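**Student:** Predicted model follows, preceded by the sequence.
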Amino acid sequence: MKTFGYTIQNDRQIDFDAADKKLYRYVAEKEPDINLCIFCGTCTATCSAAEFKNMSFRKISLFLRRGLTENLKREIESCMFCGKCTLVCPRGINTRNIIFNIRKGIEEYEF
Amino acid sequence: MIEEGKEKVWKDYQKEIAEDNYFYARSCIRQNFFPGSEVAFLRILKELGKNLFDDPRHTTCTGIAYHSDIVPFDTTMTVVARHFALMTEAGLKNFVPSCITSFGIYTEVLELWRHHPEIEQKIKENLLKATGRTFEKPENLAHSSDIIYKFRNEIANKSKYRLVNKETGKPLRVVEHIGCHYSKMFPEKGVGGAEYPLVLTGMVQAWGGEVIDYPERRQCCGFGFRQYIVQANRGYSVACSKKKFESMAPYKPDLILTNCPGCPYFLDRWQYVVSEMEGVTYGENNGGIPVFTYEELAGMVLGYNPWDLGLQLHQVPVEPVLDKIGVQYKKEDKYKGVNGKDLGRPESPSCLKI
């Protein structure tokens, strides 16, 4: 195989029909407030882990809805459960509980 | 595709295309990519008895540099104003660019001047100071594919071949691909609008072919100026074309028809690149899907010699299409120059069958 000084980027199109939503449904059942998220990013702005790692609750929430569970597993490992994101959420969502349930769901479904 | 619905959409997006007396603005890159196309356009219009002026003083429209953030828009507008001045000097009022990028640039400039006459006035002054020229805006601006579309039935009447498989009698299956700057920026300036442009579809149907509707039909070919100009970014460009190939391949198209300078080049060459980098081909028997410009296709149905049309410059060989239609041509002349001298053979790809 030849190389021409560049690589062919993989398509990042998300097929919502094919997306695996079972983790999202699992978390939404335990913490229905996840549906109130407006993706404002206040949680990410205040996150202690985000200072040092590539942690973003906003991104996690987005990955969850899109069924991108592979990316989710890696992201969520940085959370220290300090709960600052829950304190600042303008929609009053228990983000800490959502992360807790995502971890439980990942274990349950063995992602 | 629901034809009835699209016919209604197409009726809402009809543009006026001048009948005769054209000022032809050549493309910088087409003359290098597929040089036979513009020659074929001139020949077709001559045979249709149309008056066309091909001005050797014409220059680039600066479109590629403008879209790559290299040339400021004031410069682009002044260069465009000079082109209009050349048209005015030739006593013509119908401007016909060969390039889709140029068509987009001219349309954008005219639209900007329509909304901001003070900018037009400033550019007039700039041009006068720089070159001593004055200009009138064109009365009609149509891309050269619009002109071929306008005369598609006349070409069909004169045609020697139809886009029909001579063995099966079935119409050839054609993927039509419109350049983004043809109607995605100003949908009302393209025949049929942006979603389902009629310009190439009309040609294919008039000449006997069948148009394929496939999921990524309106996806860009990936040329995208900055995507291609920077070598490290070319992966984005290939990825766009690859997405289209993967989407169209299950429909088994016989050929791809394009109306932009970049699209035929990249849809043609990227098939080679994908085959070399990933070992994947999209045509029949490990071959590619041949890509044509509309002038090449028009010339082919009119019975022009394929090698005069420059079809030997395609990376994906066009012979399967010629054979399906039953075009008479000499295989041995493929790599001969105009003087009959053998020009040698290009190196064969390792995966793509030629």
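**Tutor:** In hand now; what should we look at?

**Student:** Output the contacting helices and strands for the helix or strand hosting B:L297.
**Tutor:** Assigned by DSSP states H and E, B:L297 belongs to helix B:294-301. The elements that helix B:294-301 packs onto, with contact taken as 3 or more CB pairs under 8 Å, 6 or more residues apart in numbering or on different chains; DSSP states H and E, are helix B:35-47, helix B:144-150, helix B:152-158, helix B:199-206, strand B:255-258, helix B:319-325. (Each C-beta comes from the backbone N, C-alpha and C, glycine too.)

**Student:** Which positions in chain B make contact with chain A?
**Tutor:** With CB under 8 Å from any CB of the partner chain as the criterion, chain B meets chain A at residues B:231-236, B:238-239, B:242-243, B:273-274, B:276-279, B:350.

**Student:** Just the buried residues of those.
**Tutor:** In these, burial by neighbour count holds for B:R234, B:G235, B:Y236, B:V238, B:A239, B:K242, B:K243, B:V273, B:V274, B:E276, B:M277, counting by 16 or more other CB atoms under 10 Å in any protein chain shown.

**Student:** now, which of the residues you listed lie within helices?
**Tutor:** Residues of these located in helices (DSSP state H): B:R234, B:G235, B:Y236, B:V238, B:A239, B:K242, B:K243, B:V273, B:V274, B:E276, B:M277.

**Student:** Which pLDDT value goes with the residue of chain B positioned farthest from its centre?
**Tutor:** Relative to the centre of chain B, and counting by CA atoms, centre = their mean, the farthest-placed residue is B:K129 at 34.8 Å. Per-residue confidence (pLDDT) for B:K129: 96.

**Student:** go on, B:G287?
**Tutor:** pLDDT for B:G287: 93.

**Student:** since we're on it, how many residues are nearby?
**Tutor:** 18 (other CB atoms under 10 Å in any protein chain shown).

**Student:** How much space separates it from chain A?
**Tutor:** Here the distance between B:G287 and chain A works out to 19 Å (CB to the nearest CB, to the nearest Å).

**Student:** got it, and B:V71?
**Tutor:** With CB to the nearest CB as the criterion, B:V71 and chain A are 25 Å apart.

**Student:** repeat for B:K334
**Tutor:** 25 Å.

**Student:** so who does that residue touch?
**Tutor:** By CB atoms under 8 Å, 6 or more residues apart in numbering or on different chains, B:K334 lies in contact with B:W307, B:Q312.

**Student:** mind running it again at 10 Å?
**Tutor:** B:P306, B:W307, B:L311, B:Q312, B:P317, B:V318, B:E319, B:L343, B:R345 (CB atoms under 10 Å, 6 or more residues apart in numbering or on different chains).

**Student:** and the first one, that one's in a strand?
**Tutor:** No. In this structure, B:P306 is coil, not part of a strand, as judged by DSSP: H, G, I helix; E, B strand; the rest coil.

**Student:** how many other residues sit next to it?
**Tutor:** B:P306 has 23 neighbours, counted by other CB under 10 Å.

**Student:** what does B:V280 give?
**Tutor:** Applying other CB under 10 Å, we find 16 residues neighbouring B:V280.

**Student:** show me the contacts for the residue nearest to it when sequence neighbours are not counted.
**Tutor:** Once flanking residues are discounted, B:V280 sits nearest to B:V274: 5.6 Å by CB to CB, 6 or more residues apart in numbering or on different chains. Contacts here follow CB under 10 Å, 6+ apart; on that basis B:V274 touches A:8, B:238-239, B:241-242, B:245-246, B:280-282, B:288, B:351-352.

**Student:** wait, doesn't B:Y149 sit right on B:E176?
**Tutor:** No. Using CB atoms under 10 Å, B:Y149 is not in contact with B:E176, being 11.4 Å away.

**Student:** Now the common contact residues for those two.
**Tutor:** Shared contacts of B:Y149 and B:E176, counting by CB under 10 Å, 6+ apart, come down to B:P197, B:L198, B:V199, B:L200, B:T201, B:G202, B:M203, B:N259, B:Y294.

**Student:** if we can go back for a sec, now distance to A:R103 too, for the contacts of B:V274, in CSV please.
**Tutor:** Formatted as CSV, those follow (distance: CB to CB, whole Å):
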residue, distance to A:R103
A:I8, 35
B:V238, 39
B:A239, 34
B:S241, 41
B:K242, 37
B:F245, 41
B:E246, 36
B:V280, 39
B:T281, 45
B:Y282, 43
B:G288, 49
B:C351, 46
B:L352, 49
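
**Student:** residues touching the residue of the stretch 1-150 of chain B found nearest chain A, list them.
**Tutor:** Going by CB to the nearest CB, chain A is nearest to B:S68 of the stretch 1-150 of chain B, at 17.3 Å. Going by CB under 10 Å, 6+ apart, B:S68 touches B:T62, B:G224, B:F225, B:R226, B:Q227, B:Y228, B:I229, B:V230.

**Student:** and what of B:I70?
**Tutor:** Counting by CB under 10 Å, 6+ apart, B:I70 makes contact with B:T62, B:I64, B:F225, B:R226, B:I229.

**Student:** Regarding B:V96, what is its secondary structure?
**Tutor:** Going by three-state DSSP: B:V96 is strand.

**Student:** That one: what's it in contact with?
**Tutor:** By CB under 10 Å, 6+ apart, the neighbours of B:V96 are B:17-18, B:22-25, B:41, B:45, B:52-53, B:87, B:103, B:138, B:140-147.

**Student:** Kindly format the C-alpha coordinates of the helix ranked longest in chain A as PDB.
**Tutor:** Ordering each helix of chain A by length in residues (DSSP H) puts helix A:95-109 first. This file holds the C-alpha atoms of helix A:95-109, laid out as PDB (Å, rounded to 0.1, in the frame of the first residue of the first chain):
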ATOM      1  CA  THR A  95     -25.200  15.300  37.500                       C
ATOM      2  CA  ARG A  96     -23.200  13.400  40.200                       C
ATOM      3  CA  ASN A  97     -26.000  10.800  40.300                       C
ATOM      4  CA  ILE A  98     -26.000  10.600  36.500                       C
ATOM      5  CA  ILE A  99     -22.300   9.800  36.400                       C
ATOM      6  CA  PHE A 100     -22.700   7.300  39.100                       C
ATOM      7  CA  ASN A 101     -25.500   5.600  37.100                       C
ATOM      8  CA  ILE A 102     -23.500   5.700  33.900                       C
ATOM      9  CA  ARG A 103     -20.700   3.800  35.700                       C
ATOM     10  CA  LYS A 104     -23.200   1.300  37.000                       C
ATOM     11  CA  GLY A 105     -24.700   0.900  33.600                       C
ATOM     12  CA  ILE A 106     -21.300   0.400  32.000                       C
ATOM     13  CA  GLU A 107     -20.600  -2.400  34.500                       C
ATOM     14  CA  GLU A 108     -24.100  -3.900  34.000                       C
ATOM     15  CA  TYR A 109     -24.000  -3.900  30.200                       C
END
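
**Student:** Can you get me a residue count around the closest residue to B:R26 other than its chain neighbours?
**Tutor:** Take B:R26 and drop its neighbours on the chain: the residue closest to it by CB to CB, 6+ apart is B:S98, 5.3 Å away. Residues lying near B:S98 (other CB under 10 Å) number 24.
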